[in-house]
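Engineer: below are the sequence and a predicted model; questions follow.
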Protein chains: 2
Amino acid sequence: MSWVDGQPAEGLPIHDRALAYGDGLFETIKVLAGCPELLDRHLQRLEHGCRRLAIPCDINGVGSQLIAFSAELGEGVAKLIVSRGEGKRGYAPPVPCMPRTVLTGSSLPNYPKAHAEQGVRLYPCTTRLAEQPILAGLKHLNRLEQVLARAEWQDPVYAEGLMRDTSGRVIEGVFSNLFIVELGRLMTPSLERCGVAGVMREEVLDRARIAGVPTQVGDLSLGQLYRADEVFVCNSLYGIWPVRQLDASVWPVGPVTRKLQSLVADLSSNT
Amino acid sequence: MSWVDGQPAEGLPIHDRALAYGDGLFETIKVLAGCPELLDRHLQRLEHGCRRLAIPCDINGVGSQLIAFSAELGEGVAKLIVSRGEGKRGYAPPVPCMPRTVLTGSSLPNYPKAHAEQGVRLYPCTTRLAEQPILAGLKHLNRLEQVLARAEWQDPVYAEGLMRDTSGRVIEGVFSNLFIVELGRLMTPSLERCGVAGVMREEVLDRARIAGVPTQVGDLSLGQLYRADEVFVCNSLYGIWPVRQLDASVWPVGPVTRKLQSLVADLSSNT
């Protein structure tokens, strides 16, 4: 199932700048019972990204399309792309600019239940994230770093990969954000230089604050990660997976991780 | 005029990874009298890029498509995209991988003759190039940095923009490579950390060597650029434009630039 600008379509017009330059943004949204989960967070992030890339997106119109699409999809994953639209040859943004919306649906991923229950092992990716503050945090369509990182391992013993930046800081998973717990405090890497600011990361930070768990966003070294009391990864599709192992470090599934898992288990009431 | 996998088509299948992730490469090729200029260099660069991204591209098949497309286009610009092809949701490269070829044609750009004759002024872009050695040099589809840089100016007094890396080194133009001449030696920035290794850059380096002009590839500071005897930019569509001004620095159109302009004026005999 796929729509372009609200109409069923199997193809994207060939002069779209999403194809030419990756000139756009995307959201990956869990759809249950015809409703997009974390809808407001997804639309807020998209709006923020469009503002930073100067894409004049009608966010309400996009939201309406997403809601209608989700109703028809029923259950699954809605992938929403907003591109800068049609352009002539050359990098200069088109005038006038008519952003385009693409929606594609797929079934929910079939992750083993053990990932959430017993935790996962992370692959230590050698592909590093470049430091680019003007794009950091955005879920834009320039994702070759993630493609190359994900291609580093095939062994299903690794459910996710750990990505560091070119200076060696720990940033995130290939398709997840990362948190550690140290001395009862929840900590996640700053995404001011690179990385994707996931909606589940925001949800986890907010739920933790409400639950009285101290939180911190800052730089995270590999040594600090190794010494953490608990480690977990999260995204909007699977929620939270405890991390059991990375390299020679092994962690138990700890109480803060379990508590946050239960807090984000049912998001439908708050979206 | 546009082809997908050798067939006329107006749309790209919506699950193509070029749209999802910018997971592919491109070439921008000048076509004259039905023939692609610098054909071998374009195909060699594409093949090299596919190897680095592990896209199993049939380069001979792509070359045949490009030649047939150019014959039909006659005169203009052929844009050739090779994507990793169709994929399911998620970053993992599809197995099997069936790369896709997209060709679009447009008319030759209508640049003022004065650009080549009297030289151009460069806009000093504030958008910096991130340092990412695994992608450096490649003409891949992740081009948001160029989009943001090109959006910085509208005044046609600037024909190109100067891009530096996040450490401040001078790297290239937004859609060109850059050279300086100092003390009779031709110098162009190293593209080991970022930048696009243009086919005209290679052509200029080769022609200079054959003509006995000493060449060097290395790091270039802004101060060194300001103090250069001659400056020019180049790409495969317009050839060579002398640079007349950047910030407060003004350069004459020098003898080495003029000599190289004449050497690349007719490329049809050597491609």
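Structural biologist: Happy to help now that I have it.
Engineer: residue of the stretch 151-271 of chain A nearest chain B, please.
Structural biologist: Ranking the residues of the stretch 151-271 of chain A by distance to chain B (C-beta to the nearest C-beta) places residue A:151 first, at 5.2 Å. Placement of C-beta: from N, CA and C, glycine included.
Engineer: again but with chain A, I slipped
Structural biologist: Nearest to chain B in chain A, going by C-beta to the nearest C-beta, is residue A:11, at a distance of 2.7 Å.
Engineer: pLDDT wise, what is residue A:89 at?
Structural biologist: Looking at residue A:89, its pLDDT is 83.
Engineer: contacts only, for the residue nearest to it when sequence neighbours are not counted.
Structural biologist: With sequence-adjacent residues excluded and distances taken as C-beta to C-beta, 6 or more residues apart in numbering or on different chains, residue A:89 is closest to residue B:106, at 4.9 Å. For residue B:106, the set of contacting residues under the criterion of C-beta atoms under 8 Å, 6 or more residues apart in numbering or on different chains consists of A:88, A:89, B:76, B:77, B:79.
Engineer: distance check, the residue positioned nearest the centre of chain A against residue B:130.
Structural biologist: Closest residue to the average C-alpha location of chain A: residue A:198 at 4.1 Å, with C-alpha atoms, centre = their mean. Note on residue A:198: its distance to residue B:130, by C-beta to C-beta, to the nearest Å, is 20 Å.
Engineer: swap in residue A:48?
Structural biologist: Taken as C-beta to C-beta, the span from residue A:48 to residue B:130 is 20 Å.
Engineer: can you check residue A:226 too?
Structural biologist: Residue A:226 sits at a distance of 27 Å from residue B:130 (criterion: C-beta to C-beta).
Engineer: neighbour-wise, which of those two wins?
Structural biologist: Neighbour tally, residue A:226 and residue B:130, criterion other C-beta atoms under 10 Å in any protein chain shown: the higher count belongs to residue B:130, 23 against 15.
Engineer: give me the phi and psi for that one.
Structural biologist: For residue B:130, the backbone dihedrals are phi -70, psi 150 (criterion: degrees, to the nearest 10).
Engineer: helix or strand: which one has residue A:25?
Structural biologist: Secondary structure here is read from DSSP states H and E; on that basis residue A:25 sits in strand A:24-32.
Engineer: and that strand, what does it pack against?
Structural biologist: helix A:39-53, helix A:59-73, strand A:76-83 (3 or more C-beta pairs under 8 Å, 6 or more residues apart in numbering or on different chains; DSSP states H and E).
Engineer: please pick the buried ones from the contacts of residue B:106.
Structural biologist: Buried members of the contacts of residue B:106, counted by 16 or more other C-beta atoms under 10 Å in any protein chain shown: A:89, B:76, B:77, B:79.
Engineer: what domains does the record give for chain A?
Structural biologist: Domain ranges of chain A: A:2-106, A:113-264, per automatic domain parsing.
Engineer: first-to-last residue distance for the longest one?
Structural biologist: The distance separating the two terminal residues of domain A:113-264, taken as C-alpha to C-alpha, to the nearest Å, comes to 16 Å.
Engineer: now do the shortest one
Structural biologist: Taking C-alpha to C-alpha, the first and last residues of domain A:2-106 lie 9 Å apart.
Engineer: picking up where we left off before, which non-adjacent residue is nearest the residue nearest to the centre of chain A?
Structural biologist: Spatial nearest neighbour of residue A:198, excluding adjacent residues (C-beta to C-beta, 6+ apart): residue A:177 at 4.5 Å.
Engineer: now do residue A:142
Structural biologist: Among residues not flanking residue A:142 along the chain, residue B:142 sits closest, at 3.6 Å (C-beta to C-beta, 6+ apart).
Engineer: how about low-confidence regions in the stretch 151-271 of chain A?
Structural biologist: Across the stretch 151-271 of chain A, the stretches falling below the confidence threshold (pLDDT under 70) are A:268-271.
Engineer: can you pull out the helices in it?
Structural biologist: Listed in chain order, the helices of the stretch 151-271 of chain A (DSSP state H, counting those that start in this stretch) span A:199-210, A:222-226, A:255-263.
Engineer: give the other helices and strands that the second one contacts.
Structural biologist: Going back to what we said before, that points to helix A:222-226. Contacts defined by 3+ C-beta pairs under 8 Å, 6+ apart place helix A:222-226 against strand A:170-173, strand A:177-182.
Engineer: next, the buried residues of it.
Structural biologist: A:222, A:225.
Engineer: just the CA trace of it, in PDB.
Structural biologist: Listed in PDB are the C-alpha atoms of helix A:222-226, where the atom choice follows Å, rounded to 0.1, in the frame of the first residue of the first chain:
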ATOM      1  CA  LEU A 222      33.000   3.900  25.200                       C
ATOM      2  CA  GLY A 223      34.600   3.400  28.600                       C
ATOM      3  CA  GLN A 224      31.600   5.000  30.300                       C
ATOM      4  CA  LEU A 225      29.300   2.700  28.400                       C
ATOM      5  CA  TYR A 226      31.300  -0.400  29.300                       C
END
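Engineer: list of residues touching that helix?
Structural biologist: Outside of helix A:222-226, the residues within contact range by C-beta under 8 Å, 6+ apart are A:164, A:168, A:170, A:180, A:182, A:231, A:246, A:247, A:249.
Engineer: the residue of chain A closest to chain B: what's it in contact with?
Structural biologist: The neighbours of residue A:11, taking C-beta under 8 Å, 6+ apart as the test, are A:4, B:9, B:10, B:11, B:12, B:13, B:14.
Engineer: again with residue A:181
Structural biologist: A:187, A:228, A:229, A:230, A:231, A:254, A:256, A:257.
Engineer: how about a cut-off of 7 Å?
Structural biologist: Neighbouring residues of residue A:181 by C-beta atoms under 7 Å, 6 or more residues apart in numbering or on different chains: A:228, A:229, A:230, A:254, A:256, A:257.
Engineer: counting neighbours, what do you get for the closest residue to it other than its chain neighbours?
Structural biologist: Using C-beta to C-beta, 6+ apart and skipping residues adjacent in sequence, the residue nearest residue A:181 is residue A:230, 3.8 Å away. Counted with other C-beta under 10 Å, residues neighbouring residue A:230 total 22.
Engineer: same thing with residue A:63?
Structural biologist: Applying other C-beta under 10 Å, I find that residue A:63 has 18 neighbouring residues.
Engineer: shouldn't it be in contact with residue A:43?
Structural biologist: Yes. Under the criterion of C-beta atoms under 7 Å, residue A:63 makes contact with residue A:43 at 5.1 Å.
Engineer: ok, back up a step: buried set for the strand holding residue A:25?
Structural biologist: In terms of neighbour count (16+ other C-beta under 10 Å), strand A:24-32 has its buried residues at A:24, A:25, A:26, A:27, A:28, A:29, A:30, A:31.
Engineer: in the contacts of residue A:11, find the pair that's most separated.
Structural biologist: Set against one another by C-beta to C-beta, the contacts of residue A:11 have their most distant pair in A:4 and B:9, with a gap of 15.0 Å.
Engineer: what about the two, which has more around it?
Structural biologist: Neighbours per residue, other C-beta under 10 Å: of residue A:4 and residue B:9, the larger number sits with residue A:4, 20 against 15.
Engineer: contacts only, for the more buried one.
Structural biologist: For residue A:4, the residues meeting the contact criterion (C-beta under 7 Å, 6+ apart) are A:12, A:100, A:102.
Engineer: any idea how far residue B:83 is from it?
Structural biologist: Per C-beta to C-beta, residue A:4 is found 18 Å from residue B:83.
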